[in-house]
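Trainee: Okay, predicted coordinates and the sequence, questions at the end:
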Amino acid sequence: MFPVSRICMEDPKAEDSDEEEPSTLNEFGNVHLDKPFSAPGVKRGLSSSSSVHELLECPICTNSMYPPIYQCPNGHTLCSNCKLRVHNQCPTCRHDLGNIRCLALEKVAGSLELPCKHQAMGCLGIFLYYEKLKHEQSCKFRPYNCPYAGSECPITGDTQMIITHLRNDHKVDMHDGCTFNHRYVKANPHEVENATWMLTVFNCFGQHFCLHFEAFVLEMAPVYMAFLRFMGEDDEAKKFCYSLEVGGNGRKLLWQGVPRSIRDGHKKVRNNHDGLIIHRNMALSFSGGNHQELKLRITGRIWKEE
Ligand SMILES: [Zn+2]
Ligand SMILES: [Zn+2]
Ligand SMILES: [Zn+2]
Ligand SMILES: [Zn+2]
């Protein structure tokens, strides 16, 4: 992460990235931080402040330092977390540390303006040093986690990277269009714990949606749950609606919902019961036959709310 943010800061061609990915900016309509900050004066300020920024990196843990910033009597700085760990001895010169704050550095930090560390992903925001971290934690350009459930996948990236990763590494089915008709077949539906994790990606309205189908135990009862997640931010997700329908044997269940952003983990969606929940007995009844095999046909549609 740190090398990336440094490359971004010193990249004199930062404006080129605007032209490479205009769609990203348009999708997340409210990127209004770019204009006031793209003045040439601000850019000059940035390159000269990058060395100060390096001074604000804790030499011990390499994290950015925030007040209280400490120093030893010889002037070696360190962050408050590291100070707690080093048993009152300066890690650089071994001198006793004491409790000396480095107020000058804290004040210089307060006057610094730096670009968001997700600049390379398209964020054009410039932030005061002490406000940057808070912004970065909710920045719309921060990478998404892999939405594939059932494995603790460490991959993160923008939506295009995630889609490529889902297709290539998780062998996820990709479909174009806003209607779907899916069959879920399972020979032994009595294995519920982590038994069924299925994900399909739909491409429609120029966006991508993940259809999840999961099996788990809800309030002591085994259930199946189908729900849709939007590969983008929550405010964009809310512009869409979807419906799911499952039935058989003269019975039918319908669900209409709003897709959740993939920022919301699938466990959160599950805990909120925000999807089509089918109790196993009902699912087996829908499957017909001898109640031994699960054979569900789920149809659905995604549309845009005007
Ligand atoms: Zn530190
Ligand atoms: Zn020292
Ligand atoms: Zn940002
Ligand atoms: Zn993954």
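Mentor: Happy to help now that I have it. Residues are numbered from 1 along each chain as shown. Ligands and ions are numbered 1, 2, ... in the order given.

Trainee: all strands for the stretch 51-200 of the chain, in order.
Mentor: 70-71, 77-78, 100-101, 113-115, 126-128, 144-145, 156-157, 173-176, 179-186, 197-204 (DSSP state E, counting those that start in this stretch).

Trainee: Dump these into TSV; add mean pLDDT and distance to ligand 2 as well.
Mentor: Just so you know, the C-beta spots here come from the backbone N, C-alpha and C atoms, and that holds for glycine as well. Below are the strands of the stretch 51-200 of the chain laid out as TSV (pLDDT from 0 to 100; distance: least, CB to the ion, whole Å):
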stretch	mean pLDDT	distance to ligand 2
strand 70-71	96	8
strand 77-78	95	9
strand 100-101	95	10
strand 113-115	89	27
strand 126-128	94	29
strand 144-145	94	40
strand 156-157	93	37
strand 173-176	93	57
strand 179-186	86	63
strand 197-204	90	52
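
Trainee: For those, give me TSV that also has mean neighbour count and distance to Q89.
Mentor: As requested, the strands of the stretch 51-200 of the chain are exported to TSV (neighbours: other CB atoms under 10 Å; distance: least, CB to CB, whole Å):
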stretch	mean neighbour count	distance to Q89
strand 70-71	22	12
strand 77-78	22	11
strand 100-101	13	14
strand 113-115	21	32
strand 126-128	18	33
strand 144-145	17	39
strand 156-157	14	37
strand 173-176	12	57
strand 179-186	14	61
strand 197-204	18	50
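
Trainee: quick one: contacts for M161?
Mentor: 143, 155 (CB atoms under 8 Å, 6 or more residues apart in numbering).

Trainee: Please tell me the pLDDT value assigned to it.
Mentor: The model reports M161 with a pLDDT of 94.

Trainee: contacting residues around Y66?
Mentor: 79-80, 109, 130, 133.

Trainee: In helices only, show me these.
Mentor: Using DSSP state H, 80, 109, 130, 133 are the members of those that sit in helices.

Trainee: For the last one, give me its contacts.
Mentor: Put plainly, it is L133. So L133 contacts 64, 66 (CB under 8 Å, 6+ apart).

Trainee: M225 touches N272, doesn't it?
Mentor: No: in this structure M225 lies outside contact range of N272 using CB atoms under 8 Å: 10.8 Å.

Trainee: Pick out whichever of those two has more residues nearby.
Mentor: Between M225 and N272, counted using other CB atoms under 10 Å, M225 has the larger neighbour count: 21 against 11.

Trainee: so is the more buried one in a helix, a strand, or just coil?
Mentor: State at M225, reduced to three classes by DSSP: H, G, I helix; E, B strand; the rest coil: strand.

Trainee: In contact with it, which residues?
Mentor: 212-216, 218, 270, 275-278 are the contacts of M225 under CB under 8 Å, 6+ apart.

Trainee: ok, now how distant is it from M161?
Mentor: Between M225 and M161 the distance is 27 Å, computed by CB to CB, to the nearest Å.

Trainee: what's the answer for K186, then?
Mentor: For K186 relative to M161 (CB to CB), the value is 31 Å.

Trainee: just C241 next, same as before
Mentor: 27 Å.

Trainee: And the residue of the stretch 151-300 of the chain closest to ligand 4?
Mentor: Per CB to the ion, C153 is where the stretch 151-300 of the chain lies closest to ligand 4, at 3.1 Å.

Trainee: what's the neighbour count on that residue?
Mentor: Neighbours of C153 using other CB under 10 Å come to 15.
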